[in-house]
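*Asks:* here's a sequence, model it:
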Amino acid sequence: MTAILTNLFDGVAYGMLLFVLACGLAVTLGLMNFVNLAHGAFAMTGGYICAVLVNQQGWPFFAALPLAFVSAAVIGIALERTLYRHLYARSHLDQVLFTIGLTFMSVAAVDYVMGSSRVFINLPAALQGQFDLFGVGIGRYRLMIIIICGLLTIALQLVLAKTRFGSRLRAAVDDPRAASGLGINVPQVFAFTFAFGCGLAGLGGALSAEILGLDPYFPLKFMIYFLIVVTVGGSSSITGPFLASLLLGIGDVAGKYYVPKMGPFVIYTMMIVILIWRPNGLFGRAAAR
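*Replies:* Here you go, the predicted model:
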């Protein structure tokens, strides 16, 4: 029972981390209908910025996290204004080809500048180690991830569902011409949303560096995980990817613990079963015919 609870806790922490890494893609794909396969590159950017600030400049870890978010968001909005906005009306194939090319360019650039060695972030002593709670080992860093990601999930859901900006974003996606006629600055809404999604990726990259490790191939290694989360959860809401992240995180950790030789196979099996049962994802809406 202790092992089950420990794996459950680790799986929830891993799932929360997957959600923060993938929710920016859920926003851009589900709400903006834009396929951004370079999403992992923004996560890598936030991770490396946090690592440089903490490991080389001596910044406190919690002070470097907001800068990882802001840096990825600034780079995102710069690319959105100069490159991405020209692809909004193009086909998904064009978007895929462009963003996957951008991913390979980022991998080559980071490998040249930072080297190919895996990087981890030096955590403060308060976040290292674990403590026992009713016989269950609770990792301090993983507990912090659950708390931060939980609060972020609630805030994101409230912003998209309850605020005027969320209403304007949905209107801009559903009918940009009508939204413009109502006085909504559609390009500005899209730019802010894209930057916010990139910032979330950067924050996720900074939080994940200690658990997943960080190297130039990070965007390629975890791209499939981001896509699985959005596909299984459904891209029409935030709730779907959140629950999919928890389900896949718990399944992945349990699979690697109980059947280590087939561990990586478990998450793909879960994806296939769920998509056979719900082809549009757990909370996806069927496309109109």
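
*Asks:* please count neighbours and contacts with C-alpha atoms only from this point.
*Replies:* Fine.

*Asks:* hey, where'd the strands end up in the stretch 51-200 of the chain?
*Replies:* Taking DSSP state E, counting those that start in this stretch as the criterion, the stretch 51-200 of the chain contains strands spanning 130-133, 136-139.

*Asks:* give me the sheet partners of the last one and which way each runs.
*Replies:* In this case it means strand 136-139. Strand pairing for strand 136-139, using DSSP bridges, gives strand 130-133 (antiparallel).

*Asks:* report the rounded mean pLDDT for the strand it pairs with.
*Replies:* Strand 130-133 shows a mean pLDDT of 78.

*Asks:* which other residues reach that strand?
*Replies:* With contacts defined as C-alpha atoms under 8 Å, 6 or more residues apart in numbering, strand 130-133 is touched by 137, 138, 139, 140.

*Asks:* so for residue 78, which of the strands of the stretch 51-200 of the chain sits nearest?
*Replies:* strand 136-139 (37.5 Å; C-alpha to C-alpha).

*Asks:* tell me the contacts of residue 239?
*Replies:* So residue 239 contacts 157, 233, 283 (C-alpha under 8 Å, 6+ apart).

*Asks:* of all the strands of the stretch 51-200 of the chain, which one is nearest residue 146?
*Replies:* Taking the strands of the stretch 51-200 of the chain one by one with C-alpha to C-alpha, strand 136-139 is closest: 10.6 Å.

*Asks:* out of the strands of the stretch 51-200 of the chain, flag the one nearest residue 47.
*Replies:* Here strand 136-139 is closest among those (C-alpha to C-alpha), at 20.6 Å.

*Asks:* show me what that closest one is in contact with.
*Replies:* 2, 3, 5, 6, 9, 128, 129, 130, 131, 132.

*Asks:* wait, is residue 216 part of a strand?
*Replies:* No. If the criterion is DSSP: H, G, I helix; E, B strand; the rest coil, then residue 216 is coil and not within a strand.

*Asks:* wait, it touches residue 116, no?
*Replies:* Yes. At 6.1 Å, residue 216 counts as touching residue 116 under the criterion of C-alpha atoms under 8 Å.

*Asks:* of the two, who's got more company?
*Replies:* residue 216 (26 against 15; other C-alpha atoms under 10 Å).

*Asks:* does residue 204 touch residue 23 like I think?
*Replies:* No. Counting by C-alpha under 8 Å, residue 204 stays clear of residue 23, with 9.4 Å between them.

*Asks:* how about the contacts of strand 130-133 in a markdown table, adding distance to residue 253 and pLDDT?
*Replies:* What follows is the contacts of strand 130-133, written out as a markdown table (distance: C-alpha to C-alpha, whole Å; pLDDT from 0 to 100):
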| residue | distance to residue 253 | pLDDT |
| --- | --- | --- |
| 137 | 15 | 76 |
| 138 | 15 | 81 |
| 139 | 15 | 84 |
| 140 | 18 | 88 |
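
*Asks:* any chance of TSV for the residues you listed, columns neighbour count and distance to residue 96?
*Replies:* Listed next are those as TSV, based on neighbours: other C-alpha atoms under 10 Å; distance: C-alpha to C-alpha, whole Å:
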residue	neighbour count	distance to residue 96
137	18	42
138	18	40
139	19	38
140	16	38
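
*Asks:* tell me the buried residues in the longest helix anywhere in the chain?
*Replies:* If you go by DSSP state H, the chain has its longest helix at helix 186-212. Going by neighbour count (16 or more other C-alpha atoms under 10 Å), the buried part of helix 186-212 is 186, 189-210, 212.

*Asks:* tell me, how many neighbours does residue 180 end up with?
*Replies:* 14.

*Asks:* where does the stretch 101-250 of the chain have low pLDDT?
*Replies:* 235-236 (pLDDT under 70).

*Asks:* helices along that one, start to end?
*Replies:* Secondary structure of the stretch 101-250 of the chain, counting by DSSP state H, counting those that start in this stretch: helices at 140-162, 164-174, 176-181, 186-212, 218-233, 239-258.

*Asks:* so which of the contacts of residue 239 wins on neighbours?
*Replies:* Neighbour max across the contacts of residue 239 (other C-alpha under 10 Å) = residue 233, 29 neighbours.
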